[in-house]
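Colleague: Just need the structure, nothing else, for what follows:
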Amino acid sequence: MISIIIPVYNQGKKLIKTLFSINAQTYRDFEVIIVNDGSEDGVESLFSEYYKNLKTENHYLFLNQTNQGAPAARQRGLEEARGDYLFFCDADAILEPSALETMIYALANNSQVSYVFSSFKWGKKLFRVGEFDPDRLKRMPYIHTMSLIKRADFPGAGWDTSIKKFQDWDLWLTMLEQGKVGLFIPKVLFTVSPGGTISSWLPSFAYKFLPFLPTVKKYRHALKIIKEKHGLI
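Modeller: Numbering: from 1, shown residues only. Sure, this is the predicted structure:
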């Protein structure tokens, strides 16, 4: 079974669209754990209304917590997960109907890998992710959080809740240090709605030639934190 864990903060309307795309999956052996990270937009009421009309045999769990950030919300969901596979899904993402089926097939047929990941869209922009490359992973964050992970290979310490940016990069680097590797699926399996965690995306040249921008300064500071933690500086 796949445990789908969704942290949500003030994205109630987008969450419902995400849940519709999950319920439309061709692969049906999953549970859904939603962790409300202190939202103030009535997300629990929106979910209750959605769930009331949902005809499914899948297990859904809705949890509330004070605002602590996405890593803490993911960790809370992880503690409740019962599946052999983990899928940390953003609350502003729409999955292709065959997304879960495609990922679990790839993972089941490649015993040497611990997780699988794909390309994705942010609005209309395509992020071509590319093959798994340990050296590239040490240089930059390029694998999205929305990857399917074997529960048995997930780090015992869980998510580092002290990290506020690049939590996914921290996770993949931690797994790499433990000898765990990923596999790229050359398909677009989901689309992220603008306005979420990567809404401040800038073209790559900005990070090199516009160091004075606040977004670039925050990016470089967060980059330094991860690199220091993993000995990459």
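Colleague: Can you name the residues in contact with stretch 36-43?
Modeller: 7-13, 15, 44, 62-70, 72-73 (CB atoms under 8 Å, 6 or more residues apart in numbering). Where C-beta positions appear, they are placed from N, C-alpha and C, glycine not excepted.
Colleague: For the residues you listed, which PyMOL command selects only the ones that are buried?
Modeller: The buried residues among those can be selected in PyMOL (16 or more other CB atoms under 10 Å) with this line:
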select buried, resi 7+8+9+10+11+12+15+44+62+63+68+69+70+72+73
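Colleague: Could you list which of the contacts of stretch 36-43 belong to helices?
Modeller: Those of the contacts of stretch 36-43 mapping onto helices are G12, K13, L15, E44, A70, A72, A73, per DSSP state H.
Colleague: With just CA atoms, put the longest helix along the chain into PDB.
Modeller: Counting residues, the longest helix in the chain under DSSP H turns out to be helix 214-229. C-alpha atoms of helix 214-229 as PDB (Å, rounded to 0.1, in the frame of the first residue of the first chain):
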ATOM      1  CA  PRO A 214      16.200  39.100  -1.900                       C
ATOM      2  CA  THR A 215      15.100  35.800  -3.400                       C
ATOM      3  CA  VAL A 216      18.600  35.000  -4.600                       C
ATOM      4  CA  LYS A 217      20.100  35.900  -1.200                       C
ATOM      5  CA  LYS A 218      17.700  33.600   0.600                       C
ATOM      6  CA  TYR A 219      18.400  30.900  -1.900                       C
ATOM      7  CA  ARG A 220      22.100  31.100  -1.400                       C
ATOM      8  CA  HIS A 221      21.800  31.200   2.400                       C
ATOM      9  CA  ALA A 222      19.600  28.000   2.300                       C
ATOM     10  CA  LEU A 223      22.000  26.400  -0.100                       C
ATOM     11  CA  LYS A 224      24.900  27.000   2.300                       C
ATOM     12  CA  ILE A 225      23.000  25.400   5.200                       C
ATOM     13  CA  ILE A 226      22.400  22.200   3.300                       C
ATOM     14  CA  LYS A 227      26.000  22.100   2.000                       C
ATOM     15  CA  GLU A 228      27.500  22.600   5.400                       C
ATOM     16  CA  LYS A 229      25.300  19.900   6.900                       C
END
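Colleague: ok, and what's touching stretch 111-130?
Modeller: Contacts to stretch 111-130, defined as CB under 8 Å, 6+ apart, come from residues 93, 99, 102-103, 106-107, 110, 132, 136, 142-144, 146-150, 153, 175, 180-194, 198, 201.
Colleague: Phi, psi for the residue positioned nearest the centre of the chain please.
Modeller: Nearest residue to the geometric centre of the chain (CA atoms, centre = their mean): T145, 2.9 Å. Main-chain dihedrals, T145, degrees, to the nearest 10: phi -60, psi -30.
Colleague: What of Q112?
Modeller: phi -80, psi -10.
Colleague: can you give me the mean pLDDT across the helix or strand hosting W172?
Modeller: Using DSSP states H and E, W172 maps to helix 167-177. Confidence over helix 167-177 (mean pLDDT, whole number) is 97.
Colleague: elements contacting that helix?
Modeller: Other elements packing on helix 167-177 under the criterion 3 or more CB pairs under 8 Å, 6 or more residues apart in numbering; DSSP states H and E are helix 70-80, helix 134-139, helix 214-229.
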